[in-house]
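Engineer: Dropping a prediction and its sequence here:
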Amino acid sequence: MARSRSAKPRSKPRSTRRTTIGDQCKEIIATSVNGDHYGAYEAFTAMTHRRDFPEIGPMMVEAFIEIIQHGCRAVGAVTDDGLPDVSRFLVDERTSITRVRAAVPSMTGQDMVKVRGIHRANARAAQQMVETYAAEGRGSIRTLYQERAAAQERGAENVLIMLWGTAINVQRQVRDANANHARGPSQQPT
């Protein structure tokens, strides 16, 4: 007697859209950590320009936050409350502003003040999202993300860029910690 298709045991779990988006985000982070910043930026930009970006944006946020959480735990960056100490890994404001100045040399002082404000707002939002997600779990940051998306032009992309940069910083620390651990105590740099 033939078995129906639905009764056939699955050899591997079904891939979901969330899993696919999460895997793409992990690949973007790995690409950047491995030195291909341009390739990572192209892949990131392609995701933010998809027609379904309004639906996948929150999934990208969750994926980047999960990377940040796991990385913080891996390097022992946890607060007394047990939350990820994300503040150690947020994208540095001075570095960010220097890059903006280099990319747009004609930017006025008034525009730079706006850029600084955007950077600070997104840093606060990213930290709040990571801490909220750690405390309350999946789905808890969707409202925070929607608020950031509505707060400014390109708000969704801006907060994702902050989370992306933070995830890269965390993963670099994880990579360095793993490399130091693999060398052993006698081979540590002095």
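Structural biologist: Alright, I've got the coordinates. Keep in mind that what you see is a predicted model, and the values were worked out from it rather than measured.
Engineer: Which other helices and strands does the helix or strand bottoming out on mean pLDDT in the chain contact?
Structural biologist: Taking mean pLDDT, DSSP states H and E as the measure, helix 93-103 is the helix or strand of the chain with the lowest mean score, a mean of 85. Identification of packing neighbours for helix 93-103 by 3 or more Cβ pairs under 8 Å, 6 or more residues apart in numbering; DSSP states H and E yields helix 109-136. C-beta here means a position set from N, CA and C on the backbone, and glycine is covered the same way.
Engineer: Give me the helices and strands touching the helix it packs on, please.
Structural biologist: Right, helix 109-136 is packed against helix 53-74, helix 93-103, helix 142-151, helix 155-183 by 3+ Cβ pairs under 8 Å, 6+ apart.
Engineer: got those as a markdown table, with mean neighbour count and distance to residue 136 columns?
Structural biologist: As requested, the helices and strands packed on helix 109-136 are arranged in a markdown table below (neighbours: other Cβ atoms under 10 Å; distance: least, Cβ to Cβ, whole Å):
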| stretch | mean neighbour count | distance to residue 136 |
| --- | --- | --- |
| helix 53-74 | 21 | 12 |
| helix 93-103 | 12 | 28 |
| helix 142-151 | 16 | 10 |
| helix 155-183 | 19 | 17 |
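Engineer: just to revisit the earlier point, alpha carbons of the least confident helix or strand of the chain, as PDB, please.
Structural biologist: Extracted C-alpha coordinates of helix 93-103, given in PDB (Å, rounded to 0.1, in the frame of the first residue of the first chain):
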ATOM      1  CA  GLU A  93      29.600  57.800  16.700                       C
ATOM      2  CA  ARG A  94      32.900  59.400  15.800                       C
ATOM      3  CA  THR A  95      33.800  56.700  13.300                       C
ATOM      4  CA  SER A  96      30.300  56.900  11.800                       C
ATOM      5  CA  ILE A  97      30.500  60.700  11.400                       C
ATOM      6  CA  THR A  98      34.000  60.500   9.900                       C
ATOM      7  CA  ARG A  99      32.700  58.100   7.300                       C
ATOM      8  CA  VAL A 100      29.700  60.400   6.500                       C
ATOM      9  CA  ARG A 101      32.000  63.400   6.100                       C
ATOM     10  CA  ALA A 102      34.300  61.400   3.700                       C
ATOM     11  CA  ALA A 103      31.300  60.200   1.700                       C
END
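Engineer: so where's this protein shaky on pLDDT?
Structural biologist: Scanning the chain for pLDDT under 70 picks out 1-15, 184-190.
Engineer: show me the contacts for the closest residue in space to residue 27 that isn't next to it in sequence.
Structural biologist: Sequence neighbours aside, residue 43 is the residue nearest to residue 27 in space, at 7.1 Å (criterion: Cβ to Cβ, 6 or more residues apart in numbering). Residues near residue 43 by Cβ atoms under 8 Å, 6 or more residues apart in numbering: 24, 27-28, 31.
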